[in-house]
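Chemist: Starting from these lines, generate the structure:
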Amino acid sequence: MSAETFLQIQGYVGEEKWKKLQEEKQADFISTLKGRLNNFCDEISSEVDACTFQVDKILVKEGIAADEILHQAELNDADLIVMGTRGFGMFKEALMGGTARRVVRRSTIPVMVIRLPEKG
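Modeler: From the prediction side, this is the model:
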């Protein structure tokens, strides 16, 4: 959706309602993400003695995904970037996703890319 379309929607529903819709969508996204992280931890717990995976915070940023990931890694003095990929693209089975590929190419710290299962 283009920025122009968003402005049209905002103009139609009103600025206050638009902000409320954005906040609700962000809260839903964070809830879904936390659930997926917990599921991931449950799945790997059979292979790892203890899953010490802990979420301190989840940031939702607007912008180019690879740029934002690298920027946040730098701001937080990260030692490692961990990303999931489904390999969307022309050669789906052979290549990792575009965002993961860009992060791997540009990162100055190690990046671990995990192949995610196909959505049911």
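Chemist: tell me the mean pLDDT over the helix or strand containing Glu43?
Modeler: Using DSSP states H and E, the secondary-structure element containing Glu43 is helix 15-44. Predicted confidence along helix 15-44 averages 81 (mean pLDDT).
Chemist: which stretches of this protein form strands?
Modeler: 81-85, 111-115 (DSSP state E).
Chemist: so of those, which one's packed in deepest?
Modeler: With neighbours defined as mean count of other C-beta atoms under 10 Å, these peak in mean count at strand 81-85, which reaches a mean of 17. To be clear about C-beta, it is placed using only N, CA and C from the backbone, and glycine gets the same treatment.
Chemist: can you redo the strands of the chain as CSV with distance to Gln72 and mean pLDDT?
Modeler: Putting the strands of the chain into CSV (distance: least, C-beta to C-beta, whole Å; pLDDT from 0 to 100) gives the following:
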stretch, distance to Gln72, mean pLDDT
strand 81-85, 9, 86
strand 111-115, 13, 86
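Chemist: export stretch 62-70 as PDB, just CAs?
Modeler: C-alpha atoms of stretch 62-70 as PDB (Å, rounded to 0.1, in the frame of the first residue of the first chain):
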ATOM      1  CA  GLU A  62       9.200   1.600   9.900                       C
ATOM      2  CA  GLY A  63      11.700   1.700   7.100                       C
ATOM      3  CA  ILE A  64      13.800  -0.700   5.100                       C
ATOM      4  CA  ALA A  65      14.000  -3.900   7.100                       C
ATOM      5  CA  ALA A  66      17.700  -4.700   6.500                       C
ATOM      6  CA  ASP A  67      18.700  -1.100   7.300                       C
ATOM      7  CA  GLU A  68      16.600  -1.100  10.600                       C
ATOM      8  CA  ILE A  69      18.000  -4.500  11.700                       C
ATOM      9  CA  LEU A  70      21.600  -3.400  11.200                       C
END
